[in-house]
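Colleague: need coordinates for the below:
(one chain, ligands or ions: 1)
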Amino acid sequence: MTNQSGRNDLAGENTVTVFGGTGFLGRRIVSRLLDKAVDVRPVSRHPHNYKSDNASGKKPSQQIEADILDSSSITAAVTGSRTVVNAVSLYVERGEQTFERVHVEAAADLATASRDAGVEMFVQISGIGSDPKSRSNYIRARGRGEEVVMAAFPGAVIVRPAIMAGPDDAFITRIARLVRILPIYPLFGEGGTLLQPVYVEDVAEAVSRLASGQYSTDASVFECAGPRIYSYQELVQEIATHLNARIRLVPVPFAVWSMVASAAEFLPAVSLTRNQVDLMRSDNVAANDLPGLKELGIQSRGIEELVRIIAHGG
Ligand SMILES: NC(=O)c1ccc[n+]([C@@H]2O[C@H](COP(=O)([O-])OP(=O)(O)OC[C@H]3O[C@@H](n4cnc5c(N)ncnc54)[C@H](OP(=O)(O)O)[C@@H]3O)[C@@H](O)[C@H]2O)c1
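Modeller: As a prediction, this is how the structure comes out:
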């Protein structure tokens with residue numbers, strides 16, 4: 001049903017609600033949806049943190065304050081949505097905010113509330129390497145989160161990004177900063193872990209195409225990764241080369257990194273987490289047999305372009 005201005009008269013008929021819509025990935029999903037003229041609601045505990053940087057200059061119709069741990073607030077937030085995206089993160093456990101509580105129980109609650117509210121599509125942002133049987137609390141919670149979402153919302157779509165890069169990321173930007181100031185660069189282990197970094201905007205575009213219905217799909221799992229696989233050592237070297245930095249790479253055992261991360265998690269501004277160290281122990285590359293950016297019609301950008309984007313701040 002449309003009015004004379006062509007706008008939809010049924011409130012929420014086409015609304016996409018993005019939990020975590022103020023975050024590194026989430027706010028870019030919101031921007032990409034706004035660029036597609038989709039009615040979108042970013043949801044987070046601090047909605048005033050939402051920064052609009054979409055090309056069209058459009059703003060969300062509503063910014064909703066809700067906590068994914070509070071079932072009454074999530075029910076209110078999803079009501080009237082056609083699609084719900086869960087892009088909530090938790091990288092460090094604090095108090096009741098545990099990986100199990102946020103990535104498993106709350107993800108299931110959000111999927112259940114969405115199904116009960118008549119939402120048509122649910123997109124769960126997870127991560128490459130998620131594994132319900134992992135020994136790492138974090139990686140196991142991400143894998144179990146996928147399972148409980150699929151059970152609560154049949155037909156849910158899981159999007160697993162590789163390590164994402166962008167001007168404010170916590171990985172490539174840090175490497176780019178450190179290779180310019182350090183003569184010696186400490187590697188995770190021997191630096192042999194395989195990685196396939198992806199531009200955060202490419203992942204946001206993929207999620208927005210799925211969430212807006214621009215691409216209808218029968219696939220339930222997408223793995224979104226960049227165009228090239230690097231060992232960690234090659235990646236650091238490649239970034240240094242693009243920045244004309246000369247560095248010597250030095251292996252540092254994972255046990256040392258775990259100790260450093262355990263201490264760093266007590267600092268107010270956490271710069272390294274144990275889950276980051278856990279993730280660096282295993283290869284993080286897209287599976288050949290799952291659809292990803294290419295199948296969604298997106299040409300992913302390579303590390304040279306990412307370093308240039310990061311170096312210029314956007
Ligand atoms: N960053 C990467 O390289 C990467 C790679 C692979 C997968 N992922 C996955 O991508 C997703 C998004 O990650 P990100 O890096 O964009 O995270 P982020 O920047 O930390 O953003 C997290 C978002 O979730 C919101 N949030 C956190 N706790 C919440 C709660 N209890 N209730 C409601 N909202 C809450 C935050 O806002 P408030 O704090 O204001 O509530 C924020 O909007 C996560 O699932 C993450 O695991 C990330």
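Colleague: okay, the closest residue to residue 75 other than its chain neighbours: pLDDT?
Modeller: Here the nearest residue to residue 75 in space, its sequence neighbours aside, is residue 113; by Cβ to Cβ, 6 or more residues apart in numbering that works out to 4.9 Å. (Glycine included, C-beta is placed from N, CA and C.) At residue 113 the predicted local distance difference test score is 98.
Colleague: ok, now the one 3 residues further on?
Modeller: The predicted structure scores residue 116 at 98 on the pLDDT scale.
Colleague: also residue 307?
Modeller: With respect to pLDDT, residue 307 has a value of 88.
Colleague: rounded mean pLDDT for stretch 225-235, please.
Modeller: The pLDDT scores in stretch 225-235 average 97.
Colleague: what is the neighbour count of residue 103?
Modeller: As a burial measure, residue 103 scores 30 neighbours (other Cβ atoms under 10 Å).
Colleague: surely it is in a helix?
Modeller: Yes - Residue 103 sits within a helix when classified using DSSP: H, G, I helix; E, B strand; the rest coil.
Colleague: now name the helix or strand holding residue 178.
Modeller: Assigned by DSSP states H and E, residue 178 falls within helix 172-181.
Colleague: any residue of stretch 117-124 up close to the ligand?
Modeller: No - remark: stretch 117-124 sits outside contact range of the ligand, by Cβ under 6 Å from any ligand atom, the gap being at least 8.2 Å.
Colleague: end to end, how far does that stretch reach?
Modeller: Distance between the two ends of stretch 117-124: 17 Å, counting by Cα to Cα, to the nearest Å.
Colleague: for it, which outside residues touch it?
Modeller: The list of residues contacting stretch 117-124 from outside it, by Cβ atoms under 8 Å, 6 or more residues apart in numbering, reads 75, 78-86, 107, 111, 114-115, 145-146, 149, 153, 155-159, 207, 210-211, 213.
Colleague: go again using 7 Å as the cut-off
Modeller: By Cβ atoms under 7 Å, 6 or more residues apart in numbering, the list of residues contacting stretch 117-124 from outside reads 75, 78-79, 81-86, 107, 111, 114, 145-146, 149, 153, 156-159, 207, 210-211.
Colleague: just the ones of the residues you listed in helices?
Modeller: Cross-referencing the contacts of stretch 117-124 against helices under DSSP state H gives 75, 78, 107, 111, 114, 145, 146, 149, 207, 210, 211.
Colleague: in JSON lines: the residues you listed, plus neighbour count and distance to residue 100.
Modeller: Shown next, in JSON lines, are the ones in helices among the contacts of stretch 117-124 (neighbours: other Cβ atoms under 10 Å; distance: Cβ to Cβ, whole Å):
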{"residue": "75", "neighbour count": "17", "distance to residue 100": "21"}
{"residue": "78", "neighbour count": "28", "distance to residue 100": "22"}
{"residue": "107", "neighbour count": "30", "distance to residue 100": "10"}
{"residue": "111", "neighbour count": "25", "distance to residue 100": "16"}
{"residue": "114", "neighbour count": "28", "distance to residue 100": "20"}
{"residue": "145", "neighbour count": "28", "distance to residue 100": "9"}
{"residue": "146", "neighbour count": "23", "distance to residue 100": "14"}
{"residue": "149", "neighbour count": "25", "distance to residue 100": "14"}
{"residue": "207", "neighbour count": "27", "distance to residue 100": "24"}
{"residue": "210", "neighbour count": "22", "distance to residue 100": "27"}
{"residue": "211", "neighbour count": "27", "distance to residue 100": "26"}
